[in-house]
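model the structure of this input:
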Amino acid sequence: MASNTWDADFYTRKHNFVTNYGESVVELLAPQAGELILDLGCGAGELTAKIATSGAKVSGIDFAADMISKAQAKFPELEFKQHNAELSFTFEERFDAVFSNAALHWMINAEAVIKNVAQSLKPGGRFVFEMGGKGNVAAIIQALELAANDFNLSELAIYNYFPCISEYSSILERNGLSVKFAVLFERPTLLDGEDGLRNWIKMFRNSVLDKLKPSSHEQFLAKIEHYGQAKLLRNQQWFADYVRLRMIAIKE
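Numbers count the residues shown, from 1 in each chain. Predicted coordinates for the structure are as follows:
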C-alpha cells in the first residue's frame, strides 16, 4: 500500500478536482436515508459529508493519519477512523453500501481489500466505486521515467494498481460480489495553474522526489514538464491523462 503520509492541506487546495469528480460517483451510489454506508479511502471527508446529507449514517476510513485528522476537525459529527484496508476494517454492524472514490488504486493487495469489503457488506449490499483504470496517467508516468533516467534514478517505488474491467471483475466475483455495472473511460483532467503538473508530482509521486536532494527538485520537475508537454500541455494548461474505472457490484 502507498505511504500513509499525505499533506491534507495541499491536497485540498490544489487537487480539489478529486472531490469534484467524485460527486458523480455519489450520485451513482444513490444513498438513502437510514442506510449504513462506509466511505473507503475517505480522504479529508468531503464526499463522506456529501453522502451524509442524504440522511444515511456514514463512516469514513483512510490509511492517511493527516487526512483523518482533517476530516475529524472539519466534520466532527461524522465517524472517521484510520485503517489499512489491506489488513482489516471492522465495525459493529454490516453496511448497506461501501463507497470509494480515487482510493482503490493505492491499495496494491486488491484481493485482501475486496475480501474485507465483501465481509463488511450485508447480503444484497452494494459496492460502488471509481478508481484509476488501465492506462491511467500513462503519459505522466512516461515523462517521470524519462526524467528519472536523466537523473540516474532506478526503482521509482510507484505504488499503484490500475486494472482493466476483466481483472477487477474477477477479483470481485471471487469474493462473492456480482458485477452489475462497469465502465472504463478516459477523463483528461485539468490541473491547477502553470505549476499544475509539478504540483501533481509533488502530491502523488513525492516518493520519487524523496530520492533526490532538495536542491535538485526544481530541475527534476522541469525535466518532467519537458518530456510531458507534448501530450499533457494544451493551450498553456496542464492536464492529467486520467483513465477511470467505475463499477457497481452486489454482495450475493
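
tell me the SS of Ala240?
The three-state label given to Ala240 by DSSP: H, G, I helix; E, B strand; the rest coil is strand.

ok, it - contacts?
The neighbourhood of Ala240, defined by C-beta atoms under 8 Å, 6 or more residues apart in numbering, consists of Val137, Ile140, Pro188, Thr189, Leu191, Leu197, Trp200, Leu232. Just so you know, the C-beta spots here come from the backbone N, C-alpha and C atoms, and that holds for glycine as well.

list only buried entries from those residues.
Among these, the ones that count as buried by 16 or more other C-beta atoms under 10 Å are Val137, Ile140, Thr189, Leu191, Leu197, Trp200, Leu232.

and which of these is nearest Ile68?
In terms of C-beta to C-beta, no member of these lies closer to Ile68 than Trp200, at 22.8 Å.

quick one: the closest one and Ala143 touch, right?
No - taking contact to mean C-beta atoms under 8 Å, the distance of 10.9 Å between Trp200 and Ala143 leaves them out of contact.

can you tell me which of the buried ones among the contacts of Ala240 are in helices?
Using DSSP state H, the members of the buried ones among the contacts of Ala240 that fall within helices are Ile140, Leu197, Trp200, Leu232.

spit out the contact partners of the first one.
Right, Ile140. Contacts for Ile140 were tallied using C-beta under 8 Å, 6+ apart; they are Leu197, Trp200, Ile201, Ile224, Gly228, Leu232, Ala240, Asp241.

repeat that for 7 Å
For Ile140, the contacting residues are Gly228, Leu232, Ala240, Asp241, by C-beta atoms under 7 Å, 6 or more residues apart in numbering.

so which of those residues comes closest to Lys57?
Closest to Lys57, out of all of these and judged by C-beta to C-beta, is Ala240, at 34.0 Å.

excluding its backbone neighbours, what's nearest the closest one?
Counting by C-beta to C-beta, 6 or more residues apart in numbering, Ala240 lies nearest to Thr189, which is 4.6 Å off, once chain neighbours are set aside.

C-terminal to the helix or strand of the chain with the lowest mean pLDDT, what's the next element?
When the helices and strands of the chain are scored by mean pLDDT, DSSP states H and E, helix 8-14 comes last with a mean of 55. Counting by DSSP states H and E, the next helix or strand C-terminal to helix 8-14 is helix 17-29.

for that following helix, which positions count as buried?
Taking 16+ other C-beta under 10 Å as the basis for neighbour counts, the residues of helix 17-29 that come out buried are Phe17, Val18, Thr19, Tyr21, Gly22, Val25, Val26, Leu29.

please apply the same query to stretch 65-72.
By neighbour count, and taking 16+ other C-beta under 10 Å as the criterion, the buried residues in stretch 65-72 are Asp66, Met67, Ile68, Lys70, Ala71, Gln72.

I'd like the distance between the residue sitting furthest away from the middle of the chain and Ser54.
In terms of distance from the mean C-alpha position of the chain, Ser215 ranks first, at 29.7 Å (C-alpha atoms, centre = their mean). Between Ser215 and Ser54 the computed distance is 50 Å (C-beta to C-beta, to the nearest Å).
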